[in-house]
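Participant: with the sequence up front, the predicted model follows.
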Amino acid sequence: MKKRIFTLALTTLIAGAMLTSCQSSKTKVENAQDKVVEANQELNQALKDSIQQFKTESATKISDNEKNIAEFKLRIAKEKMENRAKYEKKLAELEKRNSDMKMRLDNYKDEEHNKWEKFKVEYNHDMDELGKAFKDLTVKNVK
């Protein structure tokens, strides 16, 4: 009799432990899924913030380029006619490149992390090249 009660109690205890542990695993899976969803949302928000910050910084650079172009136009207006034509041609090319950069930035819609990083690297490279070209033009003007 004692052995039977002990076996029944032990079986009940094991069955109860199994039922509660199954519930616990299910809860753990749900919690893990919630954490994954939350982490993805945070990653997406961080990416959007990064894109917005980059666009703001780049818009500032483009605006600065536009101001520099306007100032340079005033300076070359005082140049000799032959020099002025040469500078105006180069300046028109720089203006076009600057407006192309602005359009490229405004039209960027893809928010996938890998593509964003690639776009950012290429855009920064092109922006640096534009800045160097503008500096080269103004340095030649000083000589």
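Facilitator: Sure, I can see it.
Participant: C-alpha only now, for contacts and for neighbours.
Facilitator: Fine.
Participant: for Ala77, phi and psi?
Facilitator: The phi/psi pair for Ala77 (degrees, to the nearest 10) reads phi -60, psi -20.
Participant: next secondary structure after the helix or strand where Ala9 lies?
Facilitator: Using DSSP states H and E, Ala9 maps to helix 2-76. Moving toward the C-terminus from helix 2-76, the next helix or strand (DSSP H and E) is helix 81-107.
Participant: and that following helix with helix 2-76, angle?
Facilitator: Going by axes from the mean of the first three to the mean of the last three C-alpha atoms, to 10 degrees, helix 81-107 is angled at 160 degrees with respect to helix 2-76.
Participant: just checking, what packs against helix 81-107?
Facilitator: Other helices and strands packing on helix 81-107, by 3 or more C-alpha pairs under 8 Å, 6 or more residues apart in numbering; DSSP states H and E, are helix 2-76, helix 113-142.
Participant: mind doing that once more with 7 Å?
Facilitator: helix 2-76 (3 or more C-alpha pairs under 7 Å, 6 or more residues apart in numbering; DSSP states H and E).
Participant: the helix it packs on versus helix 113-142: what angle between them?
Facilitator: For helix 2-76 against helix 113-142, the angle by the same axes, to 10 degrees is 20 degrees.
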